[in-house]
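K.L.:
Fold the following and give me the result.
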Amino acid sequence: MHGFQLSRALFWSVIAFLALLAFRPWIDGWLIERAAVPRPVTARGDLAADEESTIAIFDAVSPSVVFITTTEELVNPWARDPNVVRRGTGSGFVWDGQRHIVTNWHVIAEASAAWVRLADQRHFRAELIGKSPAHDLAVLRISGAWQAPEPIPIGRSADLRVGQKVFAIGNPFGLDYSLTSGVVSALDRAIYNERSGEIRGLIQTDAAINPGNSGGPLIDSAGRLIGINSAIFSTSGTFSGIGFAVPVDTINRVVPQLIARGRYIRPRIGITADDAVSRPILRQLGLEGVLVLGVGPGSPADIVGLVETRVSPTGEIMPGDIIQRVDGQPVAEMADLIDILEGYQVGDRVTLSIIRDGRPLEVAIHLGGESVRWD
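P.N.:
Below you'll find the predicted structure:
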């Protein structure tokens, strides 16, 4: 009898175990469902001061940043209507209350039309007002009546120091209103642009800049505009730690002329020079500077009597004036002279330190403007 009771107990134990195995998935699911509840949220506390500052900068500046789309009209002589295709995208920013937008020239170069999208998603057709390929700058104007966002406050690039924190806002790869941060990596950099030639005086930054960022603002930690993001140094076509921006001092000098005249009139003294031609002559003389090869008739250089280089009847080269300084700033080649004069306005008076016939002289000269013949 005792054995029978034991076998019966064992039988029901086996049945219970088998039932448990059969219902285990349901039981496990029920237990998991009971346990799968949101975890309690841990209080974060206040944001760090630098985070608050970055957020405030983005909130203040981003409404003034725009997304630019360009199109190109492809004309097929066998088709009745032209084929309009999307050409590219870029960034820009509101310059003033008159609906002017500043961007890079290369963003809109060779495009048939440009469209601007604001932060509130409104779209507008834009017309080209002015361009300066030499500075990779262009100004668009949005058509129609609308209330422009507040322009970004203007800073100074002459006061920048390597290591300063900077922010870039733009539309990389068409992803609108992206913020990246970094520092000023170097100053007074020069790069070669296929459309514009060499562009000098650029800001180098490690704030991430990618295709689509071009034309967007570079901002300092005070929320001021200090540059316009223009190019990257990359072997892959994407950002690799080196980006370049046109400094705001250049923008603030060039853009008003683009708005007023449609083009930038570079200050000139009215000479022709060629470093490749001059270098052997200067080396023989043991001197540095810009050798005046020619003087434009009626130019400022002609008015003050600068002497051009001549060739004697016997074939001997008779060097002209050699410009070594402008208002005390050293000049080693023609690019230096152009860069220095860029900091002045047409009509400004400067002092040239020159060498004439082996003797140092100082000549005061008023800068001229338009010419197709001088530099």
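K.L.:
Break down the protein into its helices, ranges please.
P.N.:
Using DSSP state H, the helices of the chain run over residues 2-35, 49-61, 105-108, 248-261, 275-285, 300-303, 334-342.
K.L.:
what's the domain layout of this structure?
P.N.:
Domain assignment for the chain by automatic domain parsing gives 47-264, 271-366.
K.L.:
Turn the ones you listed into CSV, columns for distance to residue 37, mean neighbour count and mean pLDDT.
P.N.:
For every residue, glycine as well, the C-beta is placed using N, CA and C. Formatted as CSV, the domains of the chain follow (distance: least, Cβ to Cβ, whole Å; neighbours: other Cβ atoms under 10 Å; pLDDT from 0 to 100):
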stretch, distance to residue 37, mean neighbour count, mean pLDDT
domain 47-264, 28, 18, 84
domain 271-366, 66, 16, 90
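K.L.:
Switch those domains over to CSV; also include distance to residue 25.
P.N.:
Shown next, in CSV, are those (distance: least, Cβ to Cβ, whole Å):
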stretch, distance to residue 25
domain 47-264, 44
domain 271-366, 78
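K.L.:
who wins for proximity to residue 8 among these?
P.N.:
Within the domains of the chain, the stretch nearest residue 8 is domain 47-264; the backing value is 69.7 Å (Cβ to Cβ).
K.L.:
doesn't residue 351 make contact with residue 362?
P.N.:
Yes: counting by Cβ atoms under 8 Å, residue 362 touches residue 351, with 5.5 Å between them.
K.L.:
Look up how far residue 216 lies from the closest residue to residue 215 other than its chain neighbours.
P.N.:
Spatial nearest neighbour of residue 215, excluding adjacent residues (Cβ to Cβ, 6 or more residues apart in numbering): residue 103 at 3.5 Å. Distance, residue 103 to residue 216, using Cβ to Cβ, to the nearest Å: 8 Å.
K.L.:
Name the nearest residue to residue 318, ignoring sequence neighbours.
P.N.:
Nearest residue to residue 318 in three dimensions, chain neighbours excluded: residue 310, at 4.6 Å (Cβ to Cβ, 6+ apart).
K.L.:
typo on my end, residue 277
P.N.:
Once flanking residues are discounted, residue 277 sits nearest to residue 293: 6.6 Å by Cβ to Cβ, 6+ apart.
K.L.:
Please name the residues that touch the residue nearest to residue 318.
P.N.:
With contact set as Cβ atoms under 8 Å, 6 or more residues apart in numbering, residue 310 has these partners: 317, 318, 320.
K.L.:
what pairs with the strand ranked longest in the chain, and is each one parallel or antiparallel?
P.N.:
Under DSSP state E, the strand in the chain containing the largest number of residues is strand 178-193. In the sheet, strand 178-193 lines up against strand 165-170 (antiparallel), strand 197-205 (antiparallel) (DSSP bridges).
K.L.:
Switch those strands over to JSON lines; also include distance to residue 212.
P.N.:
As requested, the strands paired with strand 178-193 are exported to JSON lines (distance: least, Cβ to Cβ, whole Å):
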{"stretch": "strand 165-170", "distance to residue 212": "6"}
{"stretch": "strand 197-205", "distance to residue 212": "16"}
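K.L.:
just so I know, which of these lies nearest residue 156?
P.N.:
strand 197-205 (11.9 Å).
K.L.:
Could you quantify the relative orientation of the closest one and helix 248-261 as an angle?
P.N.:
Angle, strand 197-205 to helix 248-261, by axes from the mean of the first three to the mean of the last three Cα atoms, to 10 degrees: 130 degrees.
K.L.:
what angle do strand 197-205 and helix 334-342 make?
P.N.:
Using the same axes, to 10 degrees, strand 197-205 lies at 70 degrees relative to helix 334-342.
K.L.:
Off-centre distance for strand 197-205?
P.N.:
On the basis of Cα atoms, centre = their mean, to the nearest Å, strand 197-205 sits 9 Å off its chain's mean C-alpha point.
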